[in-house]
Structure formats: structure tokens, C-alpha cells
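Student: Give the three-dimensional model of this entry:
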Amino acid sequence: MLSNPAPRSPLHNREITFQGFAREDGLWDIEAHLRDFKFHPFTTGGKTWEPGQAFHDMWVRITVNTELVIQAIEVAMDSHPHPECPQVIPPMDALIGERIGKGWRKTINEHLGGIKGCTHLRELLSNIATAAFQSIPGALFNADDTKPPLYLGTCKSWDFNGPVVMRLYPRFYQWKSTV
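Tutor: Just a heads-up that it's a prediction; the model follows:
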């Protein structure tokens, strides 16, 4: 828990949630939701938004197979500040057939970077990968048992030279790729 802050006034709130679902057809749905609002009246796009009223209320659902290849994508903008914002929804289909994994952020940028897409939707997509990894059993494991799970070497706890890998994956302790 953080320490008590100095006296202050709330200005902006961003809520982001991710949920993962196993489907009956063997595919997986990962949903992301972003909601922005202010604590004071806020004018943008020719409209004034009341305190607590979301000026961004956006959803993304990707459907992936076990290999994390996107089978379908759906986007909804329940609230957005400019009438042009929904124009970024059709280009999202460019991600169908792409795989979530190494280079995912680059893939997002190639298909939806700059004016081709929306900053907020790109933010959701960047982080939807982690929700997919957490949701899909075995998503971060290699089929080849001679290679370490994909999350090893990605943070301090999963350091190949660290005590967690030594305890939980001793065969990969101090592992070096030969590729």
C-alpha cells in the first residue's frame, strides 16, 4: 500500500480491466475495457462531459486459439470525444491471423500505428497479451520440453540465474539459449 499522500484534489480517472474466458468451442476470448472520466466538468470535441461521465468508454474482445493466433476481434466505443473516433474500428480487423507473442507491440504498430488507429485501443491491445498469457493454460510453455517456459528471463523473479528458477525449474537454472 502507498503511504498517505499530501493534500490533493482528484482530476482524472482511468479504469482498465482485462478478463479471460474459455469458450465451449475450444477458443479463448480476452476482453479489455478502458474508461476515462474527470472529476470536474470537461469540454472536448465540442461537448461538455459532467464529472464522472466517461468520455472514453472502449471495449476490445479478441478471440484466439491455443497458439494465441487471433481468430476474431470486436471493438466497441460506447463513449468517445470526437465523431471521427469510431473510424479506427474497421482497421482493427488487420490483426486477425496475427499471433500474440514476441514482437506483439511491433505488430500492433505496423497495423494500427499513428493515424491508422487509436492510442487508447493500442494501449489495450498491448496489455491484452498479458491477460491472454494469464488466462490460457500452457500459453507460456513450449511444446518442446527441452526449452524453458516463455516467461523465464522476463523479470527479476524469473531470472535464469535466480533462486525462483533454481527452485521451480532447476533444469533451466543458468540456462543459455543455443539458438
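
Student: The chain: helices as residue ranges?
Tutor: Along the chain, the stretches classed as helices by DSSP state H are 104-112, 119-135, 163-168.

Student: which residues of this structure score low on pLDDT?
Tutor: 138-144, 177-179 (pLDDT under 70).

Student: quick one: E15 from V69, how far?
Tutor: When CB to CB, to the nearest Å is applied, the distance between E15 and V69 equals 29 Å. (C-beta placed from N, C-alpha, C; glycine too.)

Student: Spell out, range by range, the strands that occur in this protein.
Tutor: Per DSSP state E, the chain carries strands over the ranges 12-22, 28-38, 42-44, 47-49, 56-64, 70-79.

Student: Give me the helices and strands touching the third one, please.
Tutor: Counting contacts by 3 or more CB pairs under 8 Å, 6 or more residues apart in numbering; DSSP states H and E, strand 42-44 packs against strand 47-49.

Student: change it to 7 Å
Tutor: Helices and strands in packing contact with strand 42-44 are not found; criterion 3 or more CB pairs under 7 Å, 6 or more residues apart in numbering; DSSP states H and E.

Student: what do you get for the last one?
Tutor: With contacts defined as 3+ CB pairs under 7 Å, 6+ apart, the secondary structure elements packing on strand 70-79 are strand 56-64.

Student: what lines up beside the strand it packs on in the sheet?
Tutor: Using DSSP bridges, the strands paired with strand 56-64 are strand 28-38 (antiparallel), strand 70-79 (antiparallel).

Student: any chance of the ones you listed in TSV, plus mean neighbour count and distance to G46?
Tutor: TSV is the format used below for the strands paired with strand 56-64 (neighbours: other CB atoms under 10 Å; distance: least, CB to CB, whole Å):
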stretch	mean neighbour count	distance to G46
strand 28-38	19	16
strand 70-79	16	14
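
Student: Would you format these as TSV with distance to M166 included?
Tutor: Conversion of the strands paired with strand 56-64 to TSV gives the following (distance: least, CB to CB, whole Å):
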stretch	distance to M166
strand 28-38	32
strand 70-79	36
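
Student: quick one: which of the ones you listed is nearest F172?
Tutor: With distances scored as CB to CB, the stretch of the strands paired with strand 56-64 nearest to F172 is strand 28-38 (26.3 Å).

Student: With that, I have no additional questions.
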